[in-house]
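1. No letters, just coordinates:
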């Protein structure tokens, strides 16, 4: 057999080998595609926030220390699928004097258990298997404080805020706020308004121009404690308001109580929280299993902005 024939045979051999390898590779990819999706896509995303004021004012009793979140009573084994087994557990709400939002997860860690879904958002998500959960929040030194049962549906995003309840001076609750992840809305900013203030009463949000003149209401109906509403606000003209969308909160038909400037970042999705107390109040909270302490919370009604997506 001459050299030309040998070269032809070798080319055919390696061509067939390469074709077989590629076919095997694509077959393997196809077979493992489902396995690559956590829990076959049956995943819900949740973000937790400790928004209690008593923790911040009870510094003498270090009430902020070792505030934790337990999920379905599991202490040693996180009740999640293997895809987020690296998440530290139980969850801890870190405290820093100037920290505005005490959230968990608190940053993008790079492990499978924390997903931010956006290069620019500052809300981070813990993926869990969709289903019914019992969430246990603790006061200082992991002292039991409040339990709430919450269902988490497949492919939904939910933020859970621990706050003081207006029902009693020693009561706490979790405000459940779902947020839909939709496509970017060009030329607009999507803003979700949430009322977390136990004593501010009903409020409505409205937009003003650079001179303070009302442009339009941003909430369809007044928001009571624990209620929320979303609006798509155009970014056109915001060069006259320092690239911000100017929002004010007021009591329905009455006086303004707070104002905030939402960055006019094209397509971004924000949550604006009205939080804190409008009046000075005394709150009671567990210091340990035998002791309840009284905390004086000064008037601190304020807003916080969270960039959720995009």
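-> Nice, thanks for sending it over. The model shown is predicted, which means the values in this text are computed figures rather than measured ones.

2. CA atoms for contacts and neighbours, from now on please.
-> Fine.

3. so where's the protein shaky on pLDDT?
-> Filtered on pLDDT under 70, the chain yields the residue ranges 1-39, 73-89, 109-113.

4. let's go with 90 and repeat that
-> Counting by pLDDT under 90, the ranges of the chain that qualify are 1-43, 71-91, 105-121, 126-132, 253.

5. For the residue nearest to the spatial centre of the chain, grab phi and psi.
-> Using Cα atoms, centre = their mean, the residue of the chain that lies closest to the mean C-alpha position is residue 47, 3.9 Å off. Note on residue 47: backbone dihedrals following degrees, to the nearest 10 are phi -130, psi 140.

6. can you start the count at 865 instead of 1 from here on
-> Okay, using 865 as the starting number, the last item reads as residue 911.

7. thought it was touching residue 1022?
-> Yes. Checked against Cα atoms under 8 Å, the pair residue 911 and residue 1022 is within contact range at 6.4 Å.

8. quick one: contacts for the residue nearest to the centre of the chain?
-> For residue 911, the contact set (Cα atoms under 8 Å, 6 or more residues apart in numbering) comprises 967-969, 987-990, 1022-1024.

9. Just these: which are in strands?
-> Under the assignment DSSP state E, the contacts of residue 911 contribute 967-968, 990, 1022-1024 to strands.

10. Turn those into TSV, columns for neighbour count.
-> TSV is the format used below for these (neighbours: other Cα atoms under 10 Å):
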residue	neighbour count
967	25
968	22
990	22
1022	20
1023	20
1024	20
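
11. returning to that earlier point: just give me the closest of the contacts of residue 911 to residue 960.
-> residue 967 (11.8 Å; Cα to Cα).

12. Specify the beta-bridge partners of that closest one.
-> residue 913 (DSSP bridges).

13. May I have the residues that are in contact with it?
-> Shown here is residue 967, whose contacts under the criterion Cα under 8 Å, 6+ apart are 911-914, 957-958.

14. Turn these into TSV, columns for distance to residue 1107.
-> Output for the contacts of residue 967, formatted as TSV (distance: Cα to Cα, whole Å):
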residue	distance to residue 1107
911	28
912	30
913	28
914	30
957	33
958	32
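
15. Can you say which of those residues are buried?
-> Using 16 or more other Cα atoms under 10 Å as the burial test, these include 911-914, 957-958 as buried.

16. between those, which is closest to residue 1129?
-> Distances from the buried ones among the contacts of residue 967 to residue 1129 were compared by Cα to Cα; the smallest belongs to residue 911, at 22.6 Å.

17. From residue 1011, how far off is the closest one?
-> Residue 911 sits 16 Å away from residue 1011, going by Cα to Cα, to the nearest Å.

18. likewise residue 1136?
-> Remark: distance between residue 1136 and residue 1011 (Cα to Cα) = 25 Å.

19. okay, these two: which has more neighbours?
-> With neighbours defined as other Cα atoms under 10 Å, residue 1136 and residue 1011 compare such that residue 1136 has more, 21 against 18.

20. so what's residue 1037 up against?
-> Contacts of residue 1037 by Cα under 8 Å, 6+ apart are 1010, 1012, 1026-1029.

21. Might you report the residue contacts of the closest residue to residue 1067 other than its chain neighbours?
-> The shortest distance from residue 1067 to any non-neighbouring residue, by Cα to Cα, 6 or more residues apart in numbering, is to residue 1115 (4.6 Å). Residue 1115 makes contacts with 1065-1068, 1121, as judged by Cα under 8 Å, 6+ apart.
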